[in-house]
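Asks: the amino acid sequence is not available; the structure is as follows:
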């Protein structure tokens, strides 16, 4: 299963695809199960948009050779490349991806994760690999400053990765925009980029508001005014989106996967909504027009 590793979104991909030979310059562990890989690209000119992703082929890693062959025997098809959102922004002088290890739940998850555990826990500095980039429609519209002055980010878990890139670049390139970053996680320790987000909020107090919704912390408010107990709900969105027809929303997080649909079909049921479906329904109820809602799912 490649659930949290492969973002999918409607719309055409940007055509800036090329293979890059990179070296892992550093590994930063953001949370217990998430790491950022800083990639040294030599003299290659990097042209990408905030929100883009790159792909990595698992066949290039000798440590995965047996597992890759086994999965291909079981599935009857070649293992695909995995896609990872860039956590760096185009104005920064480094390239970075942030990877969250996939979970395996017996009886629920169809296959154990293949590539994400290697990238998160067993990729030391100096590791060389080939990546393919860059692509994805989950980017700011070129005319964003004419469309709105308020961008709302609605994320959960690793869905915060492309939004973090978009946020950083927008603060740098689009000073007219203000941002509300609504981020759902289980606990405070699960918040990817927590310190970086706090630093951005401190540096841009008039431009950035943080709202952390913690589903498994009944005392979330003890962490400060930015924290709320519970999930990202319609009431929470209504509180922080006072002018729903005037905002531009970027929603990213776990969505219904093809495995969920297949399992539901086999059971004769409908797949239950995950974060993204619930968030999109809530945004529609709040009054955000579909044309102003951009989405990317991890599922």
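Replies: Received, thanks. For clarity, every value in this text was computed on a predicted model and none was experimentally measured.
Asks: and stretch 198-217, which residues are buried?
Replies: 200-201, 207-215, 217 (16 or more other C-beta atoms under 10 Å). Bear in mind the C-beta positions are built from the backbone N, C-alpha and C, glycine included.
Asks: of those residues, which belong to helices?
Replies: Residues of these located in helices (DSSP state H): 200-201.
Asks: ok, now which ones touch residue 251?
Replies: Going by C-beta atoms under 8 Å, 6 or more residues apart in numbering, residue 251 touches 154-155, 159, 276, 279-280, 283, 293-296.
Asks: just the ones of the buried residues of stretch 198-217 in strands?
Replies: 208-214 (DSSP state E).
Asks: of the residues you listed, closest to residue 170?
Replies: In terms of C-beta to C-beta, no member of these lies closer to residue 170 than residue 208, at 9.7 Å.
Asks: as a check, name the ranges of all strands in this protein.
Replies: Using DSSP E, strands in the chain cover 7-8, 18-31, 34-40, 53-56, 82-85, 95-100, 128-135, 150-156, 178-185, 208-214, 227-229, 248-254, 293-298.
Asks: out of the ones you listed, nearest to residue 116?
Replies: Nearest of these (C-beta to C-beta): strand 95-100, 5.6 Å.
Asks: and the closest one, what does it pack against?
Replies: Secondary-structure packing of strand 95-100 (3 or more C-beta pairs under 8 Å, 6 or more residues apart in numbering; DSSP states H and E): strand 18-31, strand 34-40, strand 82-85, helix 116-121, helix 160-173.
Asks: let me have the strands of the chain in CSV, adding mean pLDDT and distance to residue 68 as columns.
Replies: What follows is the strands of the chain, written out as CSV (pLDDT from 0 to 100; distance: least, C-beta to C-beta, whole Å):
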stretch, mean pLDDT, distance to residue 68
strand 7-8, 43, 21
strand 18-31, 96, 19
strand 34-40, 97, 20
strand 53-56, 98, 13
strand 82-85, 97, 12
strand 95-100, 98, 18
strand 128-135, 95, 15
strand 150-156, 98, 29
strand 178-185, 98, 31
strand 208-214, 98, 37
strand 227-229, 97, 41
strand 248-254, 97, 25
strand 293-298, 92, 22
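Asks: as TSV, the ones you listed with distance to residue 196 would be great.
Replies: Below are the strands of the chain laid out as TSV (distance: least, C-beta to C-beta, whole Å):
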stretch	distance to residue 196
strand 7-8	20
strand 18-31	9
strand 34-40	10
strand 53-56	19
strand 82-85	15
strand 95-100	11
strand 128-135	21
strand 150-156	14
strand 178-185	11
strand 208-214	11
strand 227-229	17
strand 248-254	17
strand 293-298	20
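Asks: so which of those gets nearest residue 109?
Replies: strand 248-254 (12.9 Å).
Asks: partners of that closest one in the sheet?
Replies: Paired strands of strand 248-254, with direction, are strand 150-156 (parallel), strand 293-298 (parallel) (DSSP bridges).
Asks: tell me which of these is the most buried.
Replies: strand 150-156 (a mean of 25; mean count of other C-beta atoms under 10 Å).
Asks: now do that one and helix 160-173, the angle between them.
Replies: 160 degrees (axes from the mean of the first three to the mean of the last three C-alpha atoms, to 10 degrees).
Asks: hmm, who's touching strand 150-156?
Replies: 140, 144, 160, 163, 166-167, 170, 177-185, 232, 237, 240-241, 243, 246-254, 275, 279, 283.
Asks: are any of those buried, and which?
Replies: Looks like those have 140, 144, 160, 163, 166-167, 170, 177-185, 232, 237, 240-241, 247-254, 275, 279, 283 buried, using 16+ other C-beta under 10 Å.
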